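Student: Make a model of this:
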Amino acid sequence: MKRREFLKTSLTVSTLAGLSKAGINATAAEMPGGSREIYELRKYRLKEGASHELLDAYLEKAAIPAWNRLGFSPVGVFSQLPRKGAPAGTEAVEPLSVFVLIPYPSLEAFANAPTHLEADAEYQAAAAAYLQAPKAAPAYDLIDSWLMLAFSGMPKIEQPAYSKERKPRMFEMRTYESHSESKALKKIEMFNAGEIQAMRDVNLGPIFYGQGLVGGNLPHLTYLLSAESEEAHTQQFGVFRNHPVWKKLSGDPQYADTVSKITNRFLEPKPYSQI
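Tutor: From the prediction side, this is the model:
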């Protein structure tokens, strides 16, 4: 392994191993070679009045094919749905942002990805317009990024048939912040103890659940639900609230006060999204 690549991988793994000792819900066996996926959630912020075309072309024609060649699949790309009369706690609509979800089989795969892309001639050719965009007309303003570890209750991305077949669908991305690391871990425990399965039972179409490792607003967790329509999603959530497992868990004192803030975004997939 080249020295630069070794240092990059070692730094990433060492940093996240340190986070594990500080309260991350992972074991040494799961970092970096375990069965739980690592997720990178990116938010590409576009400049006011900017077009999505250059970023869309890059993601569809260059990035996603290259990530797939490295074994990172499926990759989700989403824009935010505007919602009239959105409930309290719903994040303000971000029309100039594009969200990208990339699954990695390990921390090492995440750390080595930039080196592989740099050496991928097919990627470099397809991404040339994006990579060489002039300062006066960049493909994006800035990128926000969060690194997450999949929950043990759903160690890999799952997709309902309508998502795999890329039929009409919508998504809700929910982020739960906690006021302490211990409370954040208790909320993750609650999901693994039955909340995930209850969501599966009522066809809320969960896609992934991720524990925040690196990024803003820690400690937090993020998960993604899906449905064939907003109406179906609303109905399914209504059924979920009456699920006996959810009612039991939500009334259990050990899970009280585990969430201090909920942010939910309603998303639609880009035509080329694999989720």
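
Student: which residue ranges form the helices in this protein?
Tutor: Along the chain, counting by DSSP state H, helices occupy 3-21, 53-58, 64-69, 107-119, 121-126, 128-131, 161-164, 181-190, 196-201, 230-240, 244-250.

Student: quick one: low-confidence ranges for the stretch 51-200 of the chain?
Tutor: 83-95 (pLDDT under 70).

Student: returning to that earlier point: closest one to His220 among the helices of the chain?
Tutor: helix 181-190 (6.8 Å; Cβ to Cβ). C-betas here are computed from N, CA, C, even on glycine.

Student: which stretch among the helices of the chain comes nearest Gly153?
Tutor: Among the helices of the chain, helix 196-201 comes nearest to Gly153, with 4.3 Å by Cβ to Cβ.

Student: my guess is Leu204 meets Gln236, correct?
Tutor: Yes. With contact defined as Cβ atoms under 8 Å, Leu204 counts as touching Gln236 (5.0 Å).

Student: Need the residues touching each of the two.
Tutor: Counting by Cβ atoms under 8 Å, 6 or more residues apart in numbering, the common neighbours of Leu204 and Gln236 are Ala227.

Student: Who has more neighbours out of those two?
Tutor: Leu204 (23 against 17; other Cβ atoms under 10 Å).

Student: what's the distance between that one and Ile143?
Tutor: 29 Å (Cβ to Cβ, to the nearest Å).

Student: From Tyr39, how far out is Ser97?
Tutor: 18 Å.

Student: got the contact list for the nearest residue to Glu230 once chain neighbours are set aside?
Tutor: In space, and not counting its chain neighbours, Glu230 is closest to Met170: 5.7 Å by Cβ to Cβ, 6 or more residues apart in numbering. Contacts here follow Cβ under 8 Å, 6+ apart; on that basis Met170 touches 81, 226-230, 233, 266-268.

Student: Buried ones among these?
Tutor: Burial by neighbour count, judged by 16 or more other Cβ atoms under 10 Å, picks out 81, 226-228, 233, 266-267 from these.

Student: now those as TSV including distance to Arg200?
Tutor: TSV is the format used below for these (distance: Cβ to Cβ, whole Å):
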residue	distance to Arg200
Leu81	23
Ser226	12
Ala227	13
Glu228	16
His233	15
Phe266	20
Leu267	20
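
Student: Pick the one among the residues you listed closest to Leu54.
Tutor: Among those, and counting by Cβ to Cβ, the member closest to Leu54 is Leu267, at 20.8 Å.

Student: Thought Leu81 was touching the closest one, still the case?
Tutor: Yes. Using Cβ under 8 Å, Leu267 is in contact with Leu81, at 6.3 Å.

Student: Tell me how far stretch 171-189 lies from the chain's centre.
Tutor: Computed by Cα atoms, centre = their mean, to the nearest Å, the chain-centroid distance of stretch 171-189 equals 14 Å.

Student: can you check stretch 137-148 too?
Tutor: Computed by Cα atoms, centre = their mean, the chain-centroid distance of stretch 137-148 equals 14 Å.

Student: now stretch 238-253
Tutor: Taking mean C-alpha positions (Cα atoms, centre = their mean), stretch 238-253 and its chain are 25 Å apart.

Student: For it, measure first residue to last.
Tutor: Length of stretch 238-253, first residue to last, Cα to Cα, to the nearest Å: 23 Å.

Student: ok, residues contacting that stretch?
Tutor: 190, 193-195, 197-199, 201-202, 204, 255.

Student: May I see the buried residues of that stretch?
Tutor: For stretch 238-253, by 16+ other Cβ under 10 Å, it's 240, 243, 246, 249.

Student: Can you name the residues that contact the closest residue to Met190 other than its chain neighbours?
Tutor: With Cβ to Cβ, 6+ apart as the criterion, Met190 has its nearest non-adjacent residue at 4.6 Å, and that residue is Tyr255. Taking Cβ under 8 Å, 6+ apart, we find Tyr255 in contact with 186-187, 189-190, 249.

Student: cool, Lys183 as well?
Tutor: So Lys183 contacts 219, 257-260 (Cβ under 8 Å, 6+ apart).

Student: Next, work out how far apart it and Ala109 are.
Tutor: From Lys183 to Ala109 the distance is 30 Å (Cβ to Cβ).

Student: And for Leu221?
Tutor: Using Cβ to Cβ, Leu221 is found at 22 Å from Ala109.
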